[in-house]
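>>> from the sequence below, what's the structure:
(one chain, ligands or ions: 2)
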Amino acid sequence: TSTTDTPPGGRPLEVLRRVFGYESFRGPQQEIIDHVTAGGDALVLMPTGGGKSLCYQIPALVRPGTGVVVSPLIALMQDQVDALRALGVRAGFLNSTQDPDERRLVEAEFLAGELDLLYLAPERLRTESALSLLDRGRVSLFAIDEAHCVAQWGHDFRPDYLALSALHERWPDVPRIALTATATEATHNEIAHRLNLRDARHFVASFDRPNIQYRIAPKDDPRKQLLHLLRTEHPGDAGIVYCLSRASVEKTAEFLVRQGIDAVPYHAGLDAGTRAANQSRFLREDGVVVVATIAFGMGIDKPDVRFVAHLDLPKSVEGYYQETGRAGRDGLPSTAWLAYGLQDVVQQRKMIETSEGDEAHRRMLSAHVDAMLALCETVECRRVHLLAYFGEKSGPCGNCDTCLTPPESWDGTVPAQKILSTVVRLARERRQKFGAGQIIDILLGKKSAKVVQHDHDALSVFGIGTELDAAEWRGVIRQLLAQGLLAVEGDYGTLVLTDDSGEVLGGRREVRLRREPERAARTAAARK
Ligand code: ADP
Ligand code: ZN
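Ligands and ions are numbered 1, 2, ... in the order given. Now for the predicted structure:
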């Protein structure tokens with residue numbers, strides 16, 4: 001087939017304009033579409049909101065036969081198919097939510113060559129009935145969406161995705177395109193390996209999302225801080241608020257509703273009906289705020305999400321970037337805001353310590369959290385830091401908190417030594433375990449009940465730290481944890497030394513710390 005022939009569905013650019021109503025391709029879309037249309041395999045890495053769907057939808061329209069899309073997002077298939085049908089695309093889906101009659105109808109359409117796109121849940125492709133159905137019709141391509149599922153340890157869909165490597169053996173001539181928004185090199189390699197895509201061309205779009213303003217604020221009173229953000233910068237805007245636990249999702253949603261904000265909760269513990277209703281309000285109505293665990297958002301395509309807020313520290317930079325990427329798909333200015341504090345570090349470290357899985361798995365979780373902490377504590381441009389994490393070089397962006405109000409870095413060696421010495425003294429009391437609160441009370445010389453009870457007012461370190469206030473001490477402890485100069489042990493968040501603490505105590509290592517801009521301003525004002 002010569003490339004000058006007009007394919008049956010028309011040329012890609014013409015399809016983009018006529019069917020989807022867009023003027024031009026974005027980033028690498030054109031190249032990907034040309035490659036797959038010509039029958040090539042592809043591995044596509046594009047940030048959330050980058051425009052992955054068109055990369056298989058257009059080749060499916062242009063090539064003869066039906067494009068089979070494997071997607072784990074069963075809850076969204078109906079919406080996706082409805083949206084395509086509204087554009088005049090002949091689309092259908094097969095999944096476990098349908099009754100046999102509906103299924104038979106879609107199968108008949110497929111066999112009659114009346115479908116451009118057929119969405120399937122991955123587990124379907126492990127059944128011989130689905131495979132033989134595909135044999136009897138004409139498949140134009142396989143699109144494997146959310147392809148990182150195959151590479152994620154413990155992912156629900158992983159076994160189904162692993163089975164997809166068989167597609168190539170059964171249909172060696174049908175091109176395959178795997179798509180993901182997960183960007184690390186290790187994940188790409190594993191996808192290519194697991195899905196038998198070693199000869200596929202890799203397409204990597206820039207992961208930059210210039211319209212998103214990244215901000216990470218010290219956590220104080222997170223719900224109040226969030227409310228302030230919504231009232232001052234995003235009144236009436238649609239947005240997503242992520243919390244770690246279901247309980248905190250519910251409390252936060254109730255709090256926002258009491259404050260007059262149109263907020264709804266979303267987490268896996270709610271019944272399916274409530275979940276679907278809340279998701280659909282968020283998608284269809286204007287200005288709804290959804291408060292959710294990370295169970296919410298995969299595959300959600302709402303162009304005008306104006307902010308994504310995190311009230312707890314995400315477990316990895318990949319997760320954070322994917323979640324924040326749900327903001328501003330329409331390209332208009334949007335905010336990614338994260339509140340982060342000492343308790344987050346303690347909690348994450350504790351969760352890893354008590355997590356299931358072997359030592360290697362725990363080490364991996366730790367490395368993920370450390371990368372997230374490094375992003376929080378950086379004094380450089382957040383975007384430079386984020387993009388570098390995904391292997392992209394860039395210059396200061398001018399549109400993140402550290403670019404807009406540069407934080408100072410300061411020599412925190414002496415305060416660090418004071419904390420570490422206190423930890424050493426407390427460690428001598430074998431049976432008793434103390435967390436950050438007790439250490440701060442001791443440094444500030446506060447005769448709290450617990451200080452007096454344990455005679456801690458008699459320690460030589462009692463009252464030696466009045467140069468900082470409690471919040472500042474919490475900030476120093478948080479940063480020492482982030483830098484691996486302190487560690488957390490046990491269920492109570494007991495602080496203990498690490499292998500590196502000795503260098504600081506012995507004066508052989510300087511400790512550089514970040515001073516939050518607001519705090520810096522307050523300190524300067526107080527000095528005047
Ligand atoms: P992803 O799956 O990568 O997260 P989508 O495929 O859902 O992204 O696309 C994100 C949004 O961008 C959608 O609203 C889509 O219609 C829009 N979009 C994609 N490609 C283009 C384009 N070339 N021109 C204009 N809008 C586009
Ligand atoms: Zn910046």
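
>>> CA only for contacts and neighbour counts going forward, please
Will do.

>>> how about stretch 250-266: buried residues?
Within stretch 250-266, the residues that count as buried by 16 or more other Cα atoms under 10 Å are Glu250, Thr252, Ala253, Glu254, Phe255, Leu256, Ile261, Asp262, Ala263, Val264, Pro265, Tyr266.

>>> swap in stretch 71-83?
Across stretch 71-83, burial judged by 16+ other Cα under 10 Å covers Ser71, Pro72, Leu73, Ile74, Leu76, Met77, Gln78, Gln80, Val81, Asp82.

>>> can you check stretch 158-174 too?
Residues Arg158, Asp160, Tyr161, Leu162, Ala163, Leu164, Ser165, Leu167, His168, Val174 are the ones in stretch 158-174 that count as buried (16+ other Cα under 10 Å).

>>> among those, which are in helices?
Using DSSP state H, the subset of the buried residues of stretch 158-174 located in helices is Arg158, Asp160, Tyr161, Leu162, Leu167, His168.

>>> farthest-apart pair in those residues, please.
Across those, the longest distance by Cα to Cα is 17.7 Å; it joins Arg158 and His168.

>>> just the ones in helices among the buried residues of stretch 158-174 now: which is nearest ligand 1?
For those, the minimum distance to ligand 1 (Cα to the nearest ligand atom) is 18.3 Å, reached by Tyr161.

>>> distance check, the residue nearest the centre of the chain against ligand 1.
What sits nearest the mean C-alpha location of the chain, by Cα atoms, centre = their mean, is Gly319, with 2.4 Å. When distance is defined by Cα to the nearest ligand atom, to the nearest Å, Gly319 is 14 Å away from ligand 1.

>>> host element of that residue?
For Gly319, the host element (DSSP states H and E) is helix 317-324.

>>> hang on, Pro47 packs against Phe203?
No: taking contacts as Cα atoms under 8 Å, Pro47 lies outside contact range of Phe203: 11.8 Å.

>>> and the closest residue to Gly331 other than its chain neighbours, backbone torsions?
Distances taken as Cα to Cα, 6 or more residues apart in numbering put Asn211 closest to Gly331, at 6.0 Å, once the chain neighbours are dropped. Dihedral angles of Asn211 (phi, psi; degrees, to the nearest 10) stand at phi -80, psi -10.

>>> just the strands in the stretch 151-300 of the chain please.
Applying DSSP state E, counting those that start in this stretch to the stretch 151-300 of the chain gives strands spanning 176-180, 201-204, 212-218, 239-242, 263-266, 289-292.

>>> now do the same contact list for the residue in the stretch 1-150 of the chain that ligand 2 sits nearest to.
The minimum distance from the stretch 1-150 of the chain to ligand 2, using Cα to the ion, falls at Pro47 (18.2 Å). The contact partners of Pro47, by Cα atoms under 8 Å, 6 or more residues apart in numbering, come to Thr180, Ala181, Thr182, Ala183, Ala205, Ser206, Phe207, Asp208, Gln322, Gly325.

>>> just the ones of these in helices?
Gln322.

>>> so which of the contacts of Pro47 is the closest to ligand 2?
For those, the minimum distance to ligand 2 (Cα to the ion) is 11.5 Å, reached by Asp208.

>>> quick check: which ranges of the chain have low pLDDT?
1-9, 152-155, 183, 430-431, 491, 518-528 (pLDDT under 70).

>>> show me how far the lengthiest helix in the chain is from its chain's centre.
As assigned by DSSP H, the longest helix anywhere in the chain is helix 359-377. Relative to its chain's centre, helix 359-377 lies at 14 Å (Cα atoms, centre = their mean, to the nearest Å).

>>> do it and ligand 2 meet?
No: judged by Cα under 5 Å from the ion, helix 359-377 makes no contact with ligand 2; its nearest approach is 11.9 Å.
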